[in-house]
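1. sequence unavailable; structure follows:
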């Protein structure tokens, strides 16, 4: 009986050793190799971004999400930027819009009924601004509040057309003014783009990674370029190309110049090619003829 138990114990130990050598150790080696490759790839991405001021790649997806036929029809018919993209980029754009719609909560205020048009237009705005980056989500945002018209803001006790509230993780917009911003696409004023830039800016200030580094360093390059070129700064102001609100502070300056970049890129490039180039690099905006 004792001999039988000893034999069973020895067989069990042999089986465990065999299991370790045949399965556990190889799996451990593979996992370590994967970890090393991941670290090397990440280091190379940061090296590439620091060298060329852009990410190595933007679009890698395991499975592309699809929009409903109604959502896709709205995007095709009502969002000009989408129509400017190549067919390949349109598929990626649709995926990112669908992801936004799945992850973000829409809330109608003052009895406003949320429609698919509202959701698609807002989702497309966020997608547009982040399309140059692999990380296209805004972590400081999980809801969008829509009012029918301008609303009273508790943040500063004034009437607003839009605002970003980071503590509530919400963008708040007047739907009337969102539509107005997109109906006139060459006046360099779009409240949805303006507020999403604020959200994107604050999000990058609070995050780490390639997107945050490229965006924040890009804006630092813009600020440094303007502050060290007094004549250029004066020419910006005297041109009246950017509305006066741009000179309120750096946050508003950034939102206004990106609105302008999106709406009238040709004129922007003609008047201020150096600044245009810096904004384009900051957003990694190498598509749709920009």
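-> Looks like it arrived, so ask away. The structure displayed is predicted, hence computed values, not measured ones.
2. what sits up against stretch 249-266?
-> Stretch 249-266 is contacted from outside by 81, 128-129, 185-190, 193-195, 197-198, 201, 219, 222-223, 241-243, 245-247, 268, 275-276, 279-280, 283, 285, 289-290, using Cβ atoms under 8 Å, 6 or more residues apart in numbering. C-beta here means a position set from N, CA and C on the backbone, and glycine is covered the same way.
3. give the buried residues for that stretch.
-> Across stretch 249-266, burial judged by 16 or more other Cβ atoms under 10 Å covers 252-265.
4. again with stretch 164-181
-> Buried residues in stretch 164-181, counting neighbours by 16+ other Cβ under 10 Å, are found at 164-165, 169-175, 177-178, 181.
5. just the ones of the buried residues of stretch 249-266 in helices?
-> Mapping the buried residues of stretch 249-266 onto helices (DSSP state H) picks out 252-263, 265.
6. first-to-last residue distance for stretch 261-275?
-> The first residue of stretch 261-275 is 10 Å away from its last residue (Cα to Cα, to the nearest Å).
7. which residues touch residue 181?
-> With contact taken as Cβ under 8 Å, 6+ apart, residue 181 is in contact with 189-193.
8. how near is the residue sitting nearest the centre point of the chain to residue 136?
-> A centroid search over the chain (Cα atoms, centre = their mean) returns residue 130, at 2.9 Å, as the residue closest to the centre. Distance, residue 130 to residue 136, using Cβ to Cβ, to the nearest Å: 4 Å.
9. find residues that contact each of those two.
-> Among the neighbours of residue 130, those also in contact with residue 136 (Cβ under 8 Å, 6+ apart) are residue 96.
10. hang on, the earlier thing: show me the buried residues of stretch 164-181 that map onto helices.
-> Within those, membership in helices is found for 175, 177-178, 181, as judged by DSSP H.
11. now, which of those sits nearest residue 103?
-> Distance from residue 103 was checked for each of these by Cβ to Cβ. The minimum falls on residue 178, at 19.7 Å.
12. helices along the stretch 151-290 of the chain, start to end?
-> Taking DSSP state H, counting those that start in this stretch as the test, the helices found in the stretch 151-290 of the chain are 175-183, 191-205, 210-227, 230-239, 250-263, 265-271, 273-283.
13. can you lay out these as a markdown table showing mean pLDDT and distance to residue 144?
-> Putting those into a markdown table (pLDDT from 0 to 100; distance: least, Cβ to Cβ, whole Å) gives the following:
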| stretch | mean pLDDT | distance to residue 144 |
| --- | --- | --- |
| helix 175-183 | 97 | 10 |
| helix 191-205 | 97 | 10 |
| helix 210-227 | 94 | 21 |
| helix 230-239 | 94 | 32 |
| helix 250-263 | 97 | 17 |
| helix 265-271 | 97 | 26 |
| helix 273-283 | 97 | 21 |
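14. could you point out which element follows the worst-scoring helix or strand of the chain on mean pLDDT?
-> Among the secondary structure pieces of the chain, namely its helices and strands, helix 25-52 has the lowest mean (mean pLDDT, DSSP states H and E), a mean of 51. Elements were assigned by DSSP states H and E; along the chain past helix 25-52, the next helix or strand is helix 69-78.
15. what's the angle between that following helix and helix 175-183?
-> 50 degrees (axes from the mean of the first three to the mean of the last three Cα atoms, to 10 degrees).
16. give me the buried positions along helix 69-78.
-> Of all the residues in helix 69-78, those buried under the rule 16+ other Cβ under 10 Å are 71-72, 74-75.
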